[in-house]
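>>> Quick one: sequence and predicted model below, then my questions.
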Amino acid sequence: MSASNRPRASNTATFYKEATTREAAEAEARGWTKLVSRLQVPDLRGRPSLPDRHLLAYEDVFASARCDLLLGDVIALADRDPAVLPRLARLVDGVCQDLRAAAAETGEVVPLADCVPALYLDRIRPGGRLDRWYLLRDLPLTLPHTDMTLTVRELADYSVTANGRPLTLDVAASIDSARHALVPDRRWLAGLTQGDPTEPNIADPLCWLDFECAGRNTAAGDAANFLWYLMAMGGWLVPRYQPDVYARTLHLALPARTSPRIDHLELHATARHIDIRYSWNMGPGRHAAVKGALHGLCDQGGIGMDELHAFLALRILGVIPAGRLTGHDLLLVLIKLAESQDPAVSLDAFFTTAPAPHSDPGERSRNVPAPA
């Protein structure tokens, strides 16, 4: 079961997670077993036998007071109160340490086919969600600041300059490139990890939750997942397009402080050129989390942009259906996709952010509990 469907804390010290099938429940239990001796995880207390449901009974780390917030909550607090920044730094550093240790202690260079398939190999297969969302339909996109509508395929025929950088917004080519990179027999460094390092799946003090993707996972895939979630999913796309996820999982569910925006767009129809200026605004907590993860996974973990290209493409395109995005937001997603595939774009350039607009100074006193 995904993080979006994980039950919230109950009044008892046990929560029950429902798997889609008996096989899925068995696979999750096996994944948990591979991690329990290495990571901080909830106790798995059993698998209740019911005729029509497949459950796993876990320790409820919030009801037992082992943890009190999720990573997304800690980021939201740090966005509002600088006193929370050290707590956030410890949590992000702990996540990065666990992922580096997995690569160092359990890592093997193996074919992608030997890794958990759910987030990458299954999604890149021909006929999968990327094909359904982007290749089997041609989505219209109204260009911000204009009255012009192009389709995603038509965008590929335009030259684009975004923040002074020449880009090509060719989604089909990016998917094809990722598909060639993520063939089943290509070998990657992969260790035993939780497999889906996202803000609703990491509790504070550090405890890993949700083991649907647990097992042998690529180091580059885990890094791409965590970095893109911090950059775009957690503070922007999930609250905007899947608000029920945070409403059901995060304890505070404070308003997001990430607001990427296209500040200027000029279309030169005759020359088939589009000039764009955009900014990626986020609060100080999320900015610190992105920087901490870059340092912990890339600087210290040795993962470079060349290893992240294909995995970033899947995370950028393969989580929120393109048809649900506004033209403004889809264009921003496609710009970041193009940057992620451009060999000239460095990690620091790709993850560049700007300060979020100033917010109501009274918000903290009204909504934010004192930091632990």
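On my side now, so go ahead. Being a predicted model, the structure only gives us computed values, none of them experimental.

>>> Can you get me a residue count around residue 244?
Neighbour count of residue 244, defined by other C-beta atoms under 10 Å: 10. Heads up, the C-betas are built off the backbone N, CA and C, glycines and all.

>>> And residue 342, how close does it get to residue 60?
Going from residue 342 to residue 60 by C-beta to C-beta, to the nearest Å gives 45 Å.

>>> no wait, residue 268
From residue 268 to residue 60 the distance is 58 Å (C-beta to C-beta).

>>> thinking again about what came up before, which of residue 342 and residue 60 has more neighbours?
Between residue 342 and residue 60, residue 60 has the larger neighbour count (other C-beta under 10 Å), namely 23 against 17.

>>> Specify the local secondary structure of the nearest residue to that one once chain neighbours are set aside.
By the measure of C-beta to C-beta, 6 or more residues apart in numbering, the closest residue to residue 60 outside its immediate chain neighbours is residue 15, 4.4 Å from it. Here residue 15 is recorded as strand under DSSP: H, G, I helix; E, B strand; the rest coil.

>>> Would you confirm that residue 15 contacts residue 58?
Yes: look at residue 15 against residue 58 with C-beta atoms under 8 Å: they come within range, at 5.8 Å.

>>> Please identify the buried residues of stretch 297-311?
By 16 or more other C-beta atoms under 10 Å, the buried positions in stretch 297-311 come out as 297, 298, 301, 303, 305, 307, 308, 309, 310, 311.

>>> The third one: helix or strand, and which one exactly?
Right, the one you point to is residue 301. Using DSSP states H and E, residue 301 falls within no helix or strand.

>>> ok, the closest residue to it other than its chain neighbours to residue 297 distance?
Distances taken as C-beta to C-beta, 6+ apart put residue 100 closest to residue 301, at 4.9 Å, once the chain neighbours are dropped. Distance, residue 100 to residue 297, by C-beta to C-beta: 7 Å.

>>> same question, residue 337
Distance from residue 337 to residue 297, by C-beta to C-beta: 20 Å.

>>> do residue 237 as well
Residue 237 is 21 Å from residue 297, by C-beta to C-beta.

>>> and what of residue 165?
Note on residue 165: its distance to residue 297, by C-beta to C-beta, is 24 Å.

>>> Would you format the buried residues of stretch 297-311 as TSV with secondary structure included?
Output for the buried residues of stretch 297-311, formatted as TSV (three-state DSSP):
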residue	secondary structure
297	helix
298	helix
301	coil
303	coil
305	helix
307	helix
308	helix
309	helix
310	helix
311	helix
